[in-house]
Each structure stands twice: as structure tokens, then as C-alpha cells.
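A.B. asks: Sharing a sequence plus its predicted fold:
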Amino acid sequence: MATYGVNKAGVARCRELIAARQYVLDSEWNEVQPDAEAQNAYLERHTWQEYAGWHLGLTEGAGEETKARYAFGYGDFRRVHRSALIACVFRAAQWRHKEVELAAHDLLQELDRTSG
């Protein structure tokens with residue numbers, strides 16, 4: 001099983017988006033989550049650093065500037081999705097990636113406080 005660390009840049013970007021009220025409160029993450037085609041299209045127009053900012057986890061040992069390096073996506077490349085943060089908490093807890101789980105949980109709480 002892969003090991004993940006917290007992507008501090010992704011956490012910071014998510015906080016910025018929440019503060020700017022760039023979020024979706026009601027969505028089905030499995031329906032709006034960017035697929036491989038959408039990820040590739042995003043990477044054609046953006047840097048790896050920008051792509052990294054949409055993920056809460058970094059895969060330890062994965063090469064830089066590869067999609068395998070980034071995990072626990074929380075948005076659709078425009079907005080944070082509450083359902084994505086819930087999925088991040090669940091998946092990280094399920095596979096015992098405690099640091100990522102706690103980061104996602106904190107962001108979910110921040111989103112809920114902000115959205116009222």
C-alpha cells in the first residue's frame with residue numbers, strides 16, 4: 001500500500017478557496033470528480049505546481065511531476081467540493097493515513113464554519 005504525506009501547498013490552496021467562498025456544498029463527488037481526461041486537459045494549461053494545489057496528499061516515493069505523486073483531490077479545478085473533503089476523510093481513515101485524514105477533517109470543519 002502506498003504511503004502518503006500531507007501536501008501543505010494543497011491544504012493552503014484549499015483554505016484560500018474556502019475563504020474566497022469558492023466551494024460547492026451539495027454534489028456527488030463520484031459524478032463531478034475530474035477523470036483522467038479532465039486532469040490531462042488541466043495539465044495542458046497549468047503547471048504541475050498548480051495541479052499539486054488541488055490535492056491534500058503526496059505519495060511518498062512517486063516521481064515529481066507525475067499524477068501518481070498527488071492524491072486525495074478535493075475539487076474540480078475551480079472549486080472545493082464538500083463531498084470531496086468527506087471522501088478524503090473517509091478514504092484516509094479507511095487506509096490509516098492519519099495525517100491526511102486530520103488535514104481533510106480540519107478543512108471540512110473550516111468549510112462548514114465558513115458556509116454557515
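C.D. replies: Nice, I can see it.

A.B. asks: In the chain, where is pLDDT below threshold?
C.D. replies: By pLDDT under 70, the chain has no low-scoring segment.

A.B. asks: all strands of it, in order?
C.D. replies: 4-6, 23-24, 55-59, 70-73, 80-81 (DSSP state E).

A.B. asks: Please identify which of those is closest to Y42.
C.D. replies: strand 70-73 (10.8 Å; Cβ to Cβ). Quick note: C-beta positions are derived from backbone N, CA and C, even for glycine.

A.B. asks: Show me what the closest one packs onto, helices and strands only.
C.D. replies: Under the contact definition 3 or more Cβ pairs under 8 Å, 6 or more residues apart in numbering; DSSP states H and E, strand 70-73 sits against strand 55-59, helix 82-94, helix 98-115.

A.B. asks: ok, now with 10 Å
C.D. replies: On a contact count with 3 or more Cβ pairs under 10 Å, 6 or more residues apart in numbering; DSSP states H and E, strand 70-73 meets strand 4-6, helix 8-19, helix 48-52, strand 55-59, helix 82-94, helix 98-115.
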